[in-house]
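In: just the structure for this:
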Amino acid sequence: MSATTTIRIPDELKARLTRLAEAEGTSTHGLILDAIAEKADALECRQSFLEEARQRHEHYLATGEGIPWEDMRDDLRRRAQGEDVPLPVARRIGT
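Out: Got it, this is the predicted structure:
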């Protein structure tokens, strides 16, 4: 099932969409639906990322555990050089 929604699109944007849809071999309607779906996917991914960051920050505040920047930097450098290294282990940081 699908719902109908009416949106107003400025003439210039409509012309761009029509031109792009023709170049891609699709309809303007299809192009708009794809664009909306891509935007929704991106927003869901962003919200998920932010929620995970919030949870990790709460965990850090509650436990004081984290991965010091020096350890993380070394891990990232080694991985970038192709080394197969174990994940760094969180530990109590600071005071």
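
In: contacting residues for E24?
Out: The neighbours of E24, taking C-beta atoms under 8 Å, 6 or more residues apart in numbering as the test, are L31. All C-beta atoms are positioned from the backbone trio N, CA, C, and that covers glycine.

In: do the same with R16
Out: Per C-beta under 8 Å, 6+ apart, neighbours of R16: none.

In: so what pLDDT did it get?
Out: pLDDT, R16: 97.

In: quickly find the element holding it.
Out: Element membership for R16, per DSSP states H and E: helix 11-24.

In: what residues of that helix count as buried?
Out: Within helix 11-24, the residues that qualify as buried are L17, A21, counting by 16 or more other C-beta atoms under 10 Å.

In: then stretch 44-59?
Out: Using 16+ other C-beta under 10 Å, none of the residues of stretch 44-59 count as buried.

In: ok, and what's touching that stretch?
Out: For stretch 44-59, the surrounding residues in contact (C-beta under 8 Å, 6+ apart) are E65.

In: burial of G66, as a residue count?
Out: 18 (other C-beta atoms under 10 Å).

In: kindly report the same for A90.
Out: Using other C-beta under 10 Å, A90 has 16 neighbouring residues.

In: sorry, back to before: from the chain's centre, how far out does the helix holding R16 sit?
Out: From the chain centre to the centre of helix 11-24 is a distance of 27 Å (C-alpha atoms, centre = their mean, to the nearest Å).

In: do you know how far D41 is from A35?
Out: Taking C-beta to C-beta, to the nearest Å as the measure, D41 falls 11 Å from A35.

In: and for T26?
Out: 11 Å.

In: domain parsing for the protein?
Out: By the assignment in automatic domain parsing, the chain contains the domains 9-63, 64-95.

In: where do the strands sit along this structure?
Out: Taking DSSP state E as the criterion, the chain contains strands spanning 65-66, 91-92.

In: which of these sits most buried?
Out: Of the strands of the chain, the one with the most neighbours on average (mean count of other C-beta atoms under 10 Å) is strand 65-66, at a mean of 15.

In: dump the strands of the chain into CSV; add distance to R77 and mean pLDDT as well.
Out: Shown next, in CSV, are these (distance: least, C-beta to C-beta, whole Å; pLDDT from 0 to 100):
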stretch, distance to R77, mean pLDDT
strand 65-66, 19, 94
strand 91-92, 19, 93
